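> structure here, sequence nowhere to be found:
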């Protein structure tokens, strides 16, 4: 568990840097664009994210898995070069389709309440340029994760993001909407350069492009499934946002986007590395003993941390919105409880779902995910006239629970893997903590915030007691400080 926790802490440190710098950029964007401007920015960004999914071709899953499964240097290089070939070919195809789509009016921004002004046109061009860069970034991250170069990958990304944020914040402030898109492009370019340099230092050729049919087919085996999954996920997100805009308002989409962005920061810092790390760890050794052992160790490490992090944001949701966005966004706090709860459940799914990919049960993995996205979209369409904006997060949480049940069936029933029962207890306890703290915090009343804070402290005390014992804490802290001083 120590090695796993060490790698996850390095990844969490990177994600903390990503989150803090992202919050700084988001603060500037929110102040500069306002609620409606944020709504326009996110809908345009989501449109190109959906296109970008096609360009990335779901290569991250297959590349990370295949690189982790082999120790041969040339075989790893061959996988990376073929992945690069695929994304450049798809970039050319996607650019042609988008340009023709606008020319022939197949792609209409008016349906998203956007007008093709010079500002929007410039933003579209910048987003097109960013497509292959973002795909290259994804390739390098998947490659470095697959070879378990966690320290090198995290340090490179941290430097790029910090430098990019310092350089680009003034651009956002002075150029507004176009500046926000330019910031995304510059950050992506810096990440590509630094991550590519890390691959080069390890003896690989990050810019190499090669077509080798067996290798490309091996990547495509996972890529097509991951592409389909990602496309339907992002397409359903776009459909949900469009329904929210048309049935409620563009401003409400801005509120929802702000809540989604802040809750995503917790998942990014604490939980997002679990999916990629668990897949790489399990792919290196696909024995039944290793899969069960890795799953148990991962859940033991991340469930309490995820519960504490999610509940902490729930407690301070209103102050967080004021500080990190603007006081006009405080009503977005009502989205937090179910969003945070769904994110917490998702980490459990990532761990028990990873064996499906490691064992090449790609069809089952894809079907389960597609059911989740379809159920969420269908529930939104059904519930939006009844519940209003709250239907978005209600559908999100319900679809996530459905996804949990279907993955649990395969993990326990079909594959016959095991988990310690304590993880189910921590899943339920963490879920209750997040929901209660978030609902209390969303009221914005200090009495309820204090009560939620006391519940959070009670959970923390319980975790410390069952993990190491409260009486051991002073000795551990003293030993840690001594070790740091000697270092």
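Received the coordinates, thanks. This structure is a prediction, so every number in the text was calculated from the model and none was measured. Numbering: from 1, shown residues only.

> doesn't residue 63 make contact with residue 142?
Yes - look at residue 142 against residue 63 with Cβ atoms under 8 Å: they come within range, at 4.3 Å. For the C-beta atoms, the positions are set from N, CA and C on the backbone; glycine is no exception.

> overlap in contacts of the two?
residue 83 (Cβ atoms under 8 Å, 6 or more residues apart in numbering).

> could you say what helices and strands the helix or strand residue 60 falls within packs with?
Assigned by DSSP states H and E, residue 60 belongs to helix 59-69. Helices and strands touching helix 59-69, by 3 or more Cβ pairs under 8 Å, 6 or more residues apart in numbering; DSSP states H and E, are helix 73-103, helix 118-146, helix 213-247, helix 272-284, helix 336-358.

> go again using 10 Å as the cut-off
Judged by 3 or more Cβ pairs under 10 Å, 6 or more residues apart in numbering; DSSP states H and E, helix 59-69 is in contact with helix 73-103, helix 118-146, helix 213-247, helix 272-284, helix 336-358, helix 362-387.

> let me know the pLDDT of the closest residue to residue 312 other than its chain neighbours.
Distances taken as Cβ to Cβ, 6 or more residues apart in numbering place residue 456 nearest to residue 312, at 6.4 Å, with adjacent residues excluded. On pLDDT, residue 456 comes in at 92.

> isn't residue 456 right up against residue 304?
No - at 12.0 Å, residue 456 does not count as touching residue 304 under the criterion of Cβ atoms under 10 Å.

> list residues touching both of those two?
Taking Cβ atoms under 10 Å, 6 or more residues apart in numbering as the contact rule, the neighbours common to residue 456 and residue 304 are residue 433.

> phi and psi next, for residue 117.
Main-chain torsions, residue 117, degrees, to the nearest 10: phi -80, psi 170.

> coming back round to it: quick check: which element contains the residue nearest to residue 312?
With DSSP H and E as criterion, residue 456 is part of helix 446-467.

> which strands and helices sit next to that helix?
Checking 3+ Cβ pairs under 10 Å, 6+ apart, helix 446-467 ends up next to helix 288-315, helix 317-324, helix 421-442.

> give the contact list for residue 130.
Counting by Cβ under 10 Å, 6+ apart, residue 130 has contacts 48, 52, 55, 137, 181-182, 184-189.

> let's see that with 8 Å instead.
48, 52, 184-185, 188.

> and for the nearest residue to residue 345 once chain neighbours are set aside, the neighbour number?
Distances taken as Cβ to Cβ, 6+ apart place residue 400 nearest to residue 345, at 5.0 Å, with adjacent residues excluded. Using other Cβ atoms under 10 Å, the number of residues around residue 400 comes to 22.

> so residue 400 touches residue 346, yeah?
Yes - the criterion here is Cβ under 8 Å, and residue 400 meets it with residue 346 at 6.1 Å.

> show me what counts as buried in stretch 447-464.
Within stretch 447-464, the residues scored as buried using 16 or more other Cβ atoms under 10 Å are 448-449, 451-453, 455-456, 459-460, 463.

> could you do stretch 230-244 as well?
Neighbour-count burial for stretch 230-244 [16+ other Cβ under 10 Å]: 230-234, 236-238, 240-244.

> what's around residue 286, how many residues?
Applying other Cβ under 10 Å, we find 13 residues neighbouring residue 286.

> closest one of the buried residues of stretch 230-244 to residue 290?
residue 230 (27.6 Å; Cβ to Cβ).

> look at the closest residue to the closest one other than its chain neighbours and report its pLDDT.
The shortest distance from residue 230 to any non-neighbouring residue, by Cβ to Cβ, 6+ apart, is to residue 53 (4.3 Å). Listed pLDDT for residue 53 reads 76.

> residues contacting residue 53?
227, 230-231, 234.

> need these in a markdown table with distance to residue 325, can you?
Listed next are the contacts of residue 53 as a markdown table, based on distance: Cβ to Cβ, whole Å:
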| residue | distance to residue 325 |
| --- | --- |
| 227 | 33 |
| 230 | 27 |
| 231 | 29 |
| 234 | 23 |
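
> what about the nearest residue to residue 363 once chain neighbours are set aside, neighbour count?
Leaving aside its sequence neighbours, residue 363 sits nearest to residue 225 (Cβ to Cβ, 6+ apart; 7.4 Å). Residues lying near residue 225 (other Cβ under 10 Å) number 21.

> per-residue confidence at residue 225?
The model's pLDDT for residue 225 equals 80.

> from what I see, it and residue 365 are in contact.
Yes - contact criterion Cβ under 8 Å: residue 225 and residue 365 qualify, at 6.9 Å.

> for residue 361, give me phi and psi.
According to degrees, to the nearest 10, residue 361 has phi -90, psi 60.

> before we move on, what's the pLDDT of it?
85.

> cool, residue 27 as well?
pLDDT, residue 27: 69.

> start the count at 10, not 1, going forward
I'll keep to 10 as the first residue from here, and by that count the last item is residue 36.

> so how far is residue 326 from the nearest residue in space to residue 457 that is not next to it in sequence?
Closest residue to residue 457 apart from its sequence neighbours, by Cβ to Cβ, 6+ apart: residue 449 at 4.2 Å. Noted for residue 449: a distance of 10 Å to residue 326, by Cβ to Cβ, to the nearest Å.

> which of those two has more neighbours?
Between residue 449 and residue 326, counting by other Cβ under 10 Å, residue 326 is the more crowded of the two (31 against 22).

> wait, doesn't that one sit right on residue 340?
No - Residue 326 is beyond contact range of residue 340, at 10.9 Å (criterion: Cβ under 8 Å).

> now residue 74: how far from residue 147?
Residue 74 is 14 Å from residue 147, by Cβ to Cβ.

> my error: substitute residue 362 in the last question.
Counting by Cβ to Cβ, the gap from residue 362 to residue 147 is 20 Å.

> ok, residue 329 next?
From residue 329 to residue 147 the distance is 29 Å (Cβ to Cβ).

> who are the contact partners of the closest residue to residue 343 other than its chain neighbours?
In space, and not counting its chain neighbours, residue 343 is closest to residue 451: 5.5 Å by Cβ to Cβ, 6+ apart. Contact analysis of residue 451 by Cβ under 8 Å, 6+ apart lists 323, 326-327, 342-343, 345-346.

> among the residues you listed, which two are most distant?
327 and 346 (12.7 Å).
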